[in-house]
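J.: One predicted model, sequence on top.
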Amino acid sequence: MEPDFSGYVTKYGIRCTDGRTIQPGAFKHQDTLKVPLVYQHQHNDISQVLGYTILSAKEDGIWGDSYLNGSSKAQDAREAVRHGDLDKYSIWAKDLDERLGNNEALVHDGVIQETSLVLAGANAGASIYNVLAHGALEDDEFMIVGGDIVHSDSPPETQPQPEPQQPAEPAATPDNPDDKPAEGDTTVADVLKTLSEDQQTAVNSVIDDIVKEAVTEALTEEPQLTHSDSSQKGTQMSRNAFDNAENGGGTATKELKHSDVAAVLTKAKGNSATGGSDGLSLRELVRSQGGKELMHADDYGLQNIEILFPDAQALMQRPTFVDRRQEWVKTFLAGTSHSPFSRVKTAYADITADEARARGYIKAGQKVEEVFPVFKRTTGPAFIYKKQKLDRQDIIDIVDFDVVAWMKVEMRGKLDEEIARAGLFGDGRPVMVGGELNPDKIPEPTGTSGDGIRSIFNDDDLYSTRYFVPLAPDASGADWNVLLDTVTESQEFYLGSGNKTAFVSYRVATRLLTIRDDFGHRIYRNLSEVAGDMDVNSIVRVPTELMPDDCLAIVLDLSDYNFGTNRGGEVTLFDDFDIDFNQYKYLIETYLSGALTLPYCAQIFMQVDPESQTLVEDISEPTVAANVVTVPTETGVVYKRKDTGATLVGGSTITLDDTTLKQVVIEATPDSSHYFESDSDMKDTWTFRYKA
């Protein structure tokens, strides 16, 4: 079946009136596909579908062969096209691949949804070139090229040449005897031959304007609006050529401004034949990436249409805080001990030395008294606070939620996190800033007395013992079993209360949960199973960014850590009004101390690289004879006096006496290329006392 008419529905490389340029190869994937044909992109009613168009991809554009149906509107369109009143194609494309180049929008691809007959096209090359002559047509056929009506009997030198890509329907030639008019009859061609070239142009323009005005009134049902856009069809005439121009006669051609609102709403309604279910919402149509459309006729769309959209609705009553994971904070604060006094003293006696051992006795011999040291440690309180302020005007203006209550939640949450962080790791702030004490740092005392919060990670090795785990930085899978083994083996030296909790980073917890057997199956289904193999009651995950470098785990009974607060030093919220600045000011603070209360009650497991550091398995002990202490020589071990911090040379001696040096404490530490199993005083510290 031959098409009723054909032409380019769009051409490549031509800048359209909407600022877009269709790039070569666009829509080529739709070659041979069938799309609907409508008029002026009106498709909210089934009667407005005039037929269909078969698309063909060509080198310079997309060609269309259009077939009209038998509806009355299609017949009107057929006559308008045959007569030359409608000579412009247009496309409607969705899902555009649109990019910006050379200050213009370049369309590289998309999906053509429909073709349309339009009065004024956006693409200058989208014109109808071939029109099928039906039986009702007279013998003289017409070819519509760029909007100009040219008779098929016109001389070759005056006939505009159609595009070569699509051959025109063969027209009757004067050489065919059957098509010659009867002698003496005058045809339209004969009349046109008598006109000069300027006269033919003028006649074409006049007829074009008259027919377009009539067709517009009939099809748009808006007779007050007409369209005259002949800018793409040769000389444009803004008045009737037969009016007296010299006398100012004639009327200006009316212009048709396409209904932008109707175009958008038509698409939003969807197809009435399917109950409108295939339509997009107005917002989806204009705003969504998938709804990016090209209504490729003259001008479409409302300016600033977003103004018509409804205001955004809040999904939540108040803003949601974006913060680190806080579950560990509640676990830590709830598990620690709390005393009603802020100044805390702990005392202990070291009875691990040989002097504390029970002794045997021989008749008539002298018995030796037991000697062991007693130590104490005191920790006083310090302030921790958060301060905020709000303008009273802002509080009044915010009516959607209680901004003061919302802000107080944030203040209490961050205060709790800072207390827990200071107790477990230290607050992480430097002690000195610019040569002066950092006022923001939470005090962290050291030694036998001080005020503030002692962190478990940085506490003295008498309270927090460090164990070193040989684990390569790139360790994975079963390599992480060494951590589980080390934690289990270290329980021999743990002297805490016993209900142990392990704090690990999310990274370490993930490594432990992803240990697999030889068949690729996970060994542990959850952290409870890991805790069982680690010989602890539970495992708590801490944000990785908070865990100190190389720290794999911190194990302790939380009840062995005490927060002390006097009456009035509890967490308290204050608010005040500054009448001079019309501001409300808020302060939340606490006055407390924090410290471990038992020796060897916390264990810290640190990662060391076995490729760069060597384990010292057995540490040589200093020897004593006749009150003379001899320092041993051992590779990788450095011996120091704990009272003075002086480094002792291997082989050197220290002499004890009953007046100037009754006691000396020697501690062994590894050098930079070695490490010990732990820094427990039970293994690397020795006390020597003068004996008479």
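T.: Yep, that arrived.

J.: Strands along the stretch 451-600 of the chain, start to end?
T.: 464-470, 501-505, 538-542, 551-556, 561-564, 572-578, 583-596 (DSSP state E, counting those that start in this stretch).

J.: I'd like those as JSON lines, with mean neighbour count appended.
T.: From N, CA and C alone the C-beta is placed, and that goes for glycine too. Compiled in JSON lines, the strands of the stretch 451-600 of the chain are given as follows (neighbours: other C-beta atoms under 10 Å):
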{"stretch": "strand 464-470", "mean neighbour count": "22"}
{"stretch": "strand 501-505", "mean neighbour count": "24"}
{"stretch": "strand 538-542", "mean neighbour count": "21"}
{"stretch": "strand 551-556", "mean neighbour count": "24"}
{"stretch": "strand 561-564", "mean neighbour count": "22"}
{"stretch": "strand 572-578", "mean neighbour count": "12"}
{"stretch": "strand 583-596", "mean neighbour count": "20"}
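
J.: List just the one of those that sits closest to L117.
T.: For L117, the closest of those is strand 538-542, at 67.2 Å, according to C-beta to C-beta.

J.: got a list of contacts for the closest one?
T.: 325, 327-328, 331-332, 424, 501-506, 509, 527-528, 530-531 (C-beta atoms under 8 Å, 6 or more residues apart in numbering).

J.: ok, back up a step: what would the strands of the stretch 451-600 of the chain look like in TSV with mean pLDDT and distance to A382?
T.: Shown next, in TSV, are these (pLDDT from 0 to 100; distance: least, C-beta to C-beta, whole Å):
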stretch	mean pLDDT	distance to A382
strand 464-470	96	20
strand 501-505	97	23
strand 538-542	97	23
strand 551-556	97	22
strand 561-564	97	11
strand 572-578	95	15
strand 583-596	96	7
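
J.: which regions of this protein sit below the pLDDT cut-off?
T.: Applying pLDDT under 70 to the chain flags the ranges 102-103, 130-192, 208-303, 353-355, 368-373.

J.: Specify the beta-bridge partners of the closest residue to Q113 other than its chain neighbours.
T.: Closest residue to Q113 apart from its sequence neighbours, by C-beta to C-beta, 6 or more residues apart in numbering: W92 at 4.9 Å. Note on W92: beta-bridge partners E114, M295, judged by DSSP bridges.

J.: With D31 as the reference, measure out to W92.
T.: Distance of W92 to D31, computed by C-beta to C-beta, to the nearest Å: 18 Å.

J.: Looking at those two, which one has more neighbours?
T.: Set W92 next to D31 and count neighbours by other C-beta atoms under 10 Å: W92 wins out with 24 against 13.

J.: my guess is that one contacts E114, does it?
T.: Yes: counting by C-beta atoms under 8 Å, W92 does reach E114; the two are 4.9 Å apart.

J.: shared neighbours of these two, anything?
T.: Residues within reach of W92 and of E114 at once, by C-beta under 8 Å, 6+ apart, are H41.

J.: Tell me which of the strands of the stretch 451-600 of the chain sits nearest to V403.
T.: Closest to V403 of the strands of the stretch 451-600 of the chain, according to C-beta to C-beta: strand 583-596, at 10.3 Å.

J.: The closest one: what's the following helix or strand?
T.: Downstream of strand 583-596, the next assigned helix or strand under DSSP states H and E is strand 602-608.

J.: what's next to that next one, contact-wise?
T.: 456-457, 459, 463-471, 473, 483, 486-487, 490, 494, 496, 550-556, 560-561, 596, 675.

J.: in its sheet, what does it sit against?
T.: In the sheet, strand 602-608 lines up with strand 464-470 (parallel), strand 551-556 (antiparallel) (DSSP bridges).

J.: Quick one: distance of it to the chain centre.
T.: 36 Å (C-alpha atoms, centre = their mean, to the nearest Å).

J.: Run the angle between that strand and strand 501-505 for me.
T.: When axes from the mean of the first three to the mean of the last three C-alpha atoms, to 10 degrees is applied, the directions of strand 602-608 and strand 501-505 differ by 30 degrees.

J.: Restrict strand 602-608 to CA atoms and write it as PDB.
T.: Backbone C-alpha positions of strand 602-608 (Å, rounded to 0.1, in the frame of the first residue of the first chain) are rendered in PDB as follows:
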ATOM      1  CA  ALA A 602      41.500  -3.900  81.400                       C
ATOM      2  CA  GLN A 603      43.200  -5.500  78.500                       C
ATOM      3  CA  ILE A 604      44.100  -3.700  75.300                       C
ATOM      4  CA  PHE A 605      45.100  -5.700  72.200                       C
ATOM      5  CA  MET A 606      47.400  -3.900  69.700                       C
ATOM      6  CA  GLN A 607      48.300  -5.000  66.200                       C
ATOM      7  CA  VAL A 608      52.000  -5.300  65.200                       C
END
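
J.: how big is the angle separating it from strand 583-596?
T.: Between strand 602-608 and strand 583-596, the angle comes out at 90 degrees (the same axes, to 10 degrees).

J.: so what's the residue nearest to P24 when sequence neighbours are not counted up against?
T.: Spatial nearest neighbour of P24, excluding adjacent residues (C-beta to C-beta, 6+ apart): Y12 at 4.5 Å. Shown in contact with Y12 (C-beta under 8 Å, 6+ apart): I22, Q23, P24, G25, A26, D60, G61.

J.: For those residues, pick the one with the most neighbours.
T.: I22 (28 neighbours).

J.: ok, what's across the strand from that residue?
T.: Going by DSSP bridges, I22 forms beta bridges with V107.

J.: What's the separation between it and T32?
T.: 19 Å.

J.: can you check N537 too?
T.: To T32, N537 is 72 Å away according to C-beta to C-beta.

J.: Which one of these two is surrounded by more residues?
T.: Taking neighbours as other C-beta under 10 Å, N537 and T32 compare with N537 leading, 14 against 8.
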